[in-house]
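# starting from these lines, generate the structure:
(chains A and B)
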Amino acid sequence: MSRRDEKRQAYTSMLIPEKKEDSSAKRVGQKICGTCKNYMESSWSNDGRGSCSCLKMGSNISISPPLYVLDGKEGYLTKTLSDAAACKYFDKMKMIDKDGYECSDPIYRRSMRQLQQND
Amino acid sequence: MTQAALRDTSVDVFEKNQEWWWAAEKKRSTRLDYLRKAIWKKGAIGGLYAPGVKVDLERAKLHTQKAKEMEASPDPFVMKFAKILAHVLDNKTIFITDQAQLVGYTGSLPHTMAWDPSCASILNEEAYNDPTAIPDPVDENQQVIREICNYWIGKSDLDKMMPVFDMEDLMKMLSGSIGWGVPLARGGYSNKDYEYIMTGKRAFGDIIEELDRKIDEVDAEVHKPGATAETARMYDKLNNWDAMKITLEAGIRIAKRYARLARIIAENFEEDPQRKEELLKIASACEQVPAKPPRTLQESFQYDIFIQMMSRNEAIEGAWPSRPDYYHGPYYDKDVNIDKTLTKEEALDLVGEFLIRAAEVCQFKPKWTREGLQGIDGTWVWTMGGVKKDGSDACNDLTIAFMQAARLVRVANPTFSFRWHPKVSDEVMREIFECIRQGLGYPSMRHDPVLIANSMHWHGHPIEEARTWVHQACLSPCPTTKRGYQPMRMANATANCAKIIEYVFSSGFDHVVNMQVGAETPDVATLTNFEEFFGAWIEQMKTIFSILVRAVNRARMLAPTLTPRPFLSGISERSIESGLDTCEPSLAQGNAWITAFTWVENIDSLAAVKKLVFDEKKYTLAELKEALAKNWEGCEEMRLDFVINAPKWGNDDDYVDDIMLRCLDEAAKFSKVLKCPSGNNWPILPENVSGNIHYANIVGALPNGRRLGDALYDGGVSPGPGLDKNGPTAVLKSCGKIDHITGGRAFLLNQRLSPTQLADEKGYQLWRAYMRTWADLGIDHIQFNMVDDKTLRSAQKDPEKYQEVIVRVAGYSAHFVDISRKTQDNIIQRTVQGLG
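The predicted structure follows:
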């Protein structure tokens, strides 16, 4: 795989899928990447982009059993709402700042509709 | 404050207590007071919109509905797009605010934020994910939003653009660590060809006639016997001209809808004869403009509002480049001084309302924009003063009226930036000082002779064109001429420069977003002297700048075909003449710049490394690398050494000031290596807006002692908050060492002054003396906060009582209560300088 192919693959994994149904709060599990201490949001995080500081590119926690790649340089690209129930590296973060008005704070994600049930 | 207390307290008492907002409320007319209170607060508070402000679904639905209808249409894309825009303008809900004399709004209702779903799916997802901004009934409307989001996946501008970018650069950009914004011709800062459209010589009707002539000429040409490559290109020109015409005609139609509405209300519902007359005047104005050139000040303002409204229906515009005293000034002079059809008081009401109408403009924007521009919707930095094309003073009576109106209505957006030059009268300077003294935080002051020379140096604008300059965003000058005006400044050429020094320690790997973003420079621990260290810094600087510029250049090349701007083209002489989209690079002189967020952190960090690692050898680079990797944890003593014992920018200390000059020199050299698609340079422009807060959790620990999460400096070439310990003159002297013509495109400088010290005539004279030093040193920019700590701390404790306190953030002003706590603290931490 060429370097360009690798980047294209990473980009494709970050595309927004068409959602036919409303993914309501009730269907979002308690363990999602967005509430894990290892999750690092990017500036573009309102559409749910982020990466894992523990797992590396090539990992896949959406399959059974999950594929964990711990070696490598670049982080595993994931999203705020990705189901992390099966991930053995999931480490729930402590929520702070209840008003949601602070900037660049992990709590900003809680203002997103899908996370309200996780309070 | 209760209404009774407000009524019983005199203006003098409020002014003595420096409670300018209460004084303004008592001094302004009943109409202005009503209009000022009738608008909704649109700027995000911290990163979230205020309660009650909602995404406007009407526009999104109209746009999507027409796009679906036209899927099978044989029209070329530019024509389809023009027809969609016309459909939106023809069908959007319009309203007239009680007591208003000016009409036009981007959304369908006063509390709505216009949402254009065709710009970017990532923006659409934000509309879907933000429960606070979804209108009632939320569940039902969320489904509507979902359907709109689904339709635009893969079809929005950014979705179409991204696959044709370089994937590696794209992923680095999407990480959000080094850039800000997106490379789109329909999302950024649009200047306008005001010399073509705003001088009273022509309006939409005249342009449509010109377009018809052009179309007929070229149509005849393509049907003559013979065929060349030029003939083949003519079909595209014809399509572009047709598209321009469609949007201009739609612009005239929506104005006539406003005229009809005003007339209907006047003739059928309004009982107050005075208001009835006003409504008929609105109707008359909207029948005149934008079809025909304005005749009065009211029509001139109305014309401007229509142009801005239409342009903001075509694109998400994050700025409002404007020179209102220059372009509307002749109408003020005619109405007030010559024809005497308006009294000064009536004119002041109109000017105040013009500011209010601009203050309410809002388009739904993504999180990074909201965080970076806390408290405002976009940077409406209006340019005042300056010189005319022949070099004479351009200030007029309207310049003064704008300053007076600003103090009455006290909106945080628009703000003013004043082009100072030696011929500016004392009367105008006193009006400016009053605005600053009364805590507006504006006008900021710009050095006109320096910036005209700067425009000629960096971009080769001819002197007459350079003299027309307006602020294209917060700071960057751009002419308003056929070739000189830049139709779109794409915000993602905004570099988070603190990453430059951070990456020197991580060999370009970003530990916050887990990605190799910067250059793979050698392990910092192996560097043996400052020159090697500085070499790594240069390499990282070049790498970051290049990633961002490559993306913008690519988008600029693709813009005419993938993201055309038929309306903006329709008000641009170069497009009317050529038949090409106004974003076509070959038509433009080029006026690109890299906004350098978080720049001074590099200077203080380099100085700290030079002094403590290489000169004094107190620490090794390996030790420093380890401390930074641990975010200084367990190294507090060492961290304090880097904070306290390293020299800091802004103290007239050559040790660190020379490093600033070296860094700028390297950036300036590389700015000439980087070229925009028009073939011109990419100078840097250090400034921050609220990026210092937005990036606080994205920039890792730095050698200036900063930890991950700490607010960054407030930007430009402003010293770090509280680190300028040698007084205001030392700050100016440090900044004065920079060549503000050749060193970069512009340099933001924040200063806080004591309101008590500047309270009277003596205060004005102190400020004038300070400004003379500033001018003599050739510094291109300075802006002031003149609100004391006590007021700001009281506002933090009791925000309800201090809703109207305004502060200068960085390049723009905002109401203090609308910015995040971190930004508030950062402003309070800035050193209050005493003059004299």
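
# quick check: which element contains the closest residue to B:P117 other than its chain neighbours?
Spatial nearest neighbour of B:P117, chain neighbours left out: B:A60 (4.6 Å); criterion: C-beta to C-beta, 6 or more residues apart in numbering or on different chains. Placement of C-beta: from N, CA and C, glycine included. Following DSSP states H and E, one finds B:A60 within helix B:57-69.

# identify each buried residue in that helix, please.
B:L57, B:E58, B:R59, B:A60, B:K61, B:L62, B:H63, B:T64, B:Q65, B:K66, B:A67 (16 or more other C-beta atoms under 10 Å in any protein chain shown).

# out of those, the closest to chain A would be?
B:T64 (14.3 Å; C-beta to the nearest C-beta).

# got the buried residues of helix B:57-69 as a markdown table, with pLDDT and distance to A:M93 columns?
A markdown table is the format used below for the buried residues of helix B:57-69 (pLDDT from 0 to 100; distance: C-beta to C-beta, whole Å):
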| residue | pLDDT | distance to A:M93 |
| --- | --- | --- |
| B:L57 | 97 | 34 |
| B:E58 | 97 | 39 |
| B:R59 | 95 | 37 |
| B:A60 | 97 | 34 |
| B:K61 | 98 | 38 |
| B:L62 | 98 | 41 |
| B:H63 | 97 | 39 |
| B:T64 | 98 | 37 |
| B:Q65 | 97 | 42 |
| B:K66 | 97 | 44 |
| B:A67 | 97 | 41 |
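
# show me what the helix holding B:A60 is packed against.
helix B:77-91, helix B:138-152 (3 or more C-beta pairs under 8 Å, 6 or more residues apart in numbering or on different chains; DSSP states H and E).

# ok, the next helix or strand after the first one near chain A or not?
Spelled out, it's helix B:77-91. Per DSSP H and E, the first helix or strand lying C-terminal to helix B:77-91 is strand B:112-114. No: counting by C-beta under 8 Å from any C-beta of the partner chain, chain A has no neighbours in strand B:112-114; the shortest distance is 14.8 Å.

# please spell out which residues along strand B:112-114 are buried.
Buried, per 16+ other C-beta under 10 Å, within strand B:112-114: B:T112, B:M113, B:A114.

# would you map the strands across chain A?
A:39-41, A:49-56, A:75-79 (DSSP state E).

# turn these into JSON lines, including distance to B:R36, mean neighbour count and mean pLDDT.
Below are the strands of chain A laid out as JSON lines (distance: least, C-beta to C-beta, whole Å; neighbours: other C-beta atoms under 10 Å in any protein chain shown; pLDDT from 0 to 100):
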{"stretch": "strand A:39-41", "distance to B:R36": "38", "mean neighbour count": "26", "mean pLDDT": "78"}
{"stretch": "strand A:49-56", "distance to B:R36": "40", "mean neighbour count": "23", "mean pLDDT": "86"}
{"stretch": "strand A:75-79", "distance to B:R36": "43", "mean neighbour count": "25", "mean pLDDT": "85"}
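
# and the ones you listed: which comes nearest B:L835?
B:L835 lies closest, by C-beta to C-beta, to one member of the strands of chain A: strand A:39-41, at 43.7 Å.

# residue numbers of the stretch 551-700 of chain B in contact with chain A?
Looking at chain A, the residues of the stretch 551-700 of chain B close enough under C-beta under 8 Å from any C-beta are B:S690, B:I693, B:H694, B:Y695, B:A696, B:N697, B:I698.

# from these, which ones fall inside helices?
Mapping those onto helices (DSSP state H) picks out B:I693, B:H694.

# of the residues of the stretch 551-700 of chain B next to chain A, which is the nearest to chain A?
B:N697 (4.1 Å).

# residues near that closest one, how many?
Using other C-beta atoms under 10 Å in any protein chain shown, B:N697 has 20 neighbouring residues.

# quick one: it from B:L708, how far?
Distance of B:N697 to B:L708, given as C-beta to C-beta, to the nearest Å: 7 Å.

# now list whatever residues contact both of those two.
By C-beta atoms under 8 Å, 6 or more residues apart in numbering or on different chains, B:N697 and B:L708 have these common neighbours: B:V512.

# for B:A555, what are its contacts?
Per C-beta under 8 Å, 6+ apart, neighbours of B:A555: B:M161, B:F165, B:P183, B:L184, B:A185, B:M490, B:T563.

# out of these, which is most surrounded?
Busiest of the contacts of B:A555 [other C-beta under 10 Å] is B:P183, holding 30 neighbours.
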